[in-house]
Every structure is written in C-alpha cells, then in structure tokens.
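Asks: here's a sequence, model it:
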Amino acid sequence: MSDPADLTSLRPRQAHGLSDETLEALNHLWTVVRAFSNTAHDVNNALQVIAGNAELLEARELDPAVRRRVEIVRTESGKAAATISRLLDFARGSRQPSQRFDLWPLVDAVVAMRLSSVGRGRITLTVDREGAQPAFIVGESFKVQQLLMDLLLTAEDRVAGRAKARITVSVTREGRGVSVAIRSSSEAADVDGPDTSDALPAPDGLTRDAQLWAAAYLAALDGGVLTVDGGLLTVSWPDA
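Replies: This next block holds a predicted model:
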C-alpha cells in the first residue's frame, strides 16, 4: 500500500508566502477557468448552429408571427454566442507584446461581458460616448482589459444591493493623457439583494481590495496611474 502524499512536498515553490486557504482558492479559480473554457466552446458551437438554422428558416415563406419568433431566436442566439466568444478570449488571455491600441474596443468588450450580471443585480450600466474619439495608449491590451474588469467589478461591489444603483464608464483625452473613468452612485437605502444565484463566492484571502491593488499594479506597468475618489475610479495613461 502506498504512503499518503506529503502536502509539504507537493506544495509549488512559487506559492511561498501564500496561505493554504489562498492557494486552494487559487486552484479553484484556475479549475473554473479551464472548465468554463471547454464548456463555453461547446455552448458557443451549439448557439451558432441555432442561429444558422434560424437564418435558413427566415429565407422561407413564414407566417408573420412565426417569422418574428424566428428573428428573435436568431438575434438572441447570436448575441449569446458573441458574449461567450468575448469571455473565451478573456479567459484565454496570454502575454502579448506591448503595442499601440485604442482603448474603446476594450471598454466595449468589458462592459458587454458584465451587462447581463449587472442587470440581474439591478444596476444600470451605461457608457458615456459624448464627444467620443479614438484614445490610443501603448501597453499590453490583455492586461489593460484585466485592469478595466477589476475596476468595473469594484464599482459593482460598491453599489450592490443599493437603490437606483448606477455605473457610468467614460473615456476622455486631456492634454497629453488618456483616462478611463468609472463612476458608481446610488441612493443610501438598501433594497432587496441582487440575484446572485449563479455567482461564485469570493474565496478567502482574495478580497475586494485586491481588485484595486491589481488595477493599480497593471496600470503602473504601462506608465499609468490609478486614482480613487469615493465612487470615482480613474486610470490615466500617457497619450500615444
């Protein structure tokens, strides 16, 4: 009979300084990411088949009421497939060379990934496009996308369960700099809690504060700066 595995000998050297609870939580998150990636790929393929068949049905002579339903099936399955594709791209993110890119597509992708969850949490999420123009910076786009996700999740946490909760995202150019601002606001009174039936519990040791730390760290990698002013989170980079 084999001897039981020694936990100390199996512990990764890279985990030095992390508690056992934090290491286990990280393992859980990594497992979720890998399982999600495989499952989402299969679901995405199924949604594309549904959308394709709906499109074929639309080419036929249909009763107007039936046609409307087929159009809804095609549109909604296409939207769902696009959302899953964005999440897959995010989950598969890897190290990329630093390059010049426009912030707006990343902002739109992050907002699109959170719209459904934010809606279930009774939070209004909008993007302010008044006077919008391309906003280029130099950096690793995947890390900047992670940064934006951290800031948006922080804003969501701040107003979760509050009455008239609202989050507004804007991108501005001032002088020789580019900024993304995420403003959260609400009424003081709490309301019935948001629908969190499908939410993953926050693992011990990985607190909400880590999201802001990560955002500040990732911003600094590309010469950016994070500022926190109550419900206003702003990250700024040199204009490229």
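Asks: L147 is in contact with V110, correct?
Replies: No: taking contacts as CB atoms under 8 Å, V110 lies outside contact range of L147: 9.4 Å. C-beta coordinates here come from the backbone N, C-alpha and C atoms, glycine included.
Asks: buried ones in the one helix or strand R69 maps to, by neighbour count?
Replies: Assigned by DSSP states H and E, R69 falls within helix 64-91. Using 16 or more other CB atoms under 10 Å as the test for burial, helix 64-91 gives V70, V73, R74, S77, G78, A80, A81, T83, I84, R86, L87, F90.
Asks: again with stretch 171-188
Replies: V171, T172, R173, V178, S179, V180, A181, I182, R183, S184, S185, S186.
Asks: and the residues you listed, which of them are in strands?
Replies: Of the positions in those, V171, T172, R173, V178, S179, V180, A181, I182, R183, S184, S185 sit in strands, assigned by DSSP state E.
Asks: tell me which of these is nearest to K164?
Replies: Nearest to K164, judged by CB to CB, of these is S185 at 8.1 Å.
Asks: hmm, who's touching stretch 39-58?
Replies: Identification of contacts with stretch 39-58 by CB atoms under 8 Å, 6 or more residues apart in numbering yields 67, 70-71, 73-74, 77-78, 80-81, 84-85, 87-88, 91.
Asks: off-centre distance for it?
Replies: 23 Å (CA atoms, centre = their mean, to the nearest Å).
Asks: show me the shaky parts of the chain.
Replies: 1-7, 10, 34, 93-95, 188-209 (pLDDT under 70).
Asks: the strands in it, which residues?
Replies: 99-102, 123-128, 136-139, 165-174, 177-185, 225-229, 232-238.
Asks: can you put the ones you listed in CSV and add distance to Q211?
Replies: Listed next are these as CSV, based on distance: least, CB to CB, whole Å:
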stretch, distance to Q211
strand 99-102, 23
strand 123-128, 16
strand 136-139, 19
strand 165-174, 14
strand 177-185, 12
strand 225-229, 11
strand 232-238, 10
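Asks: looking at these, spot the one closest to F36.
Replies: strand 123-128 (22.0 Å).
Asks: show me what counts as buried in that closest one.
Replies: Across strand 123-128, burial judged by 16+ other CB under 10 Å covers I123, L125.
Asks: which other residues reach it?
Replies: Applying CB under 8 Å, 6+ apart, the set of residues contacting strand 123-128 is 107-108, 111, 114-115, 118-119, 156, 159-160, 164-170, 194.
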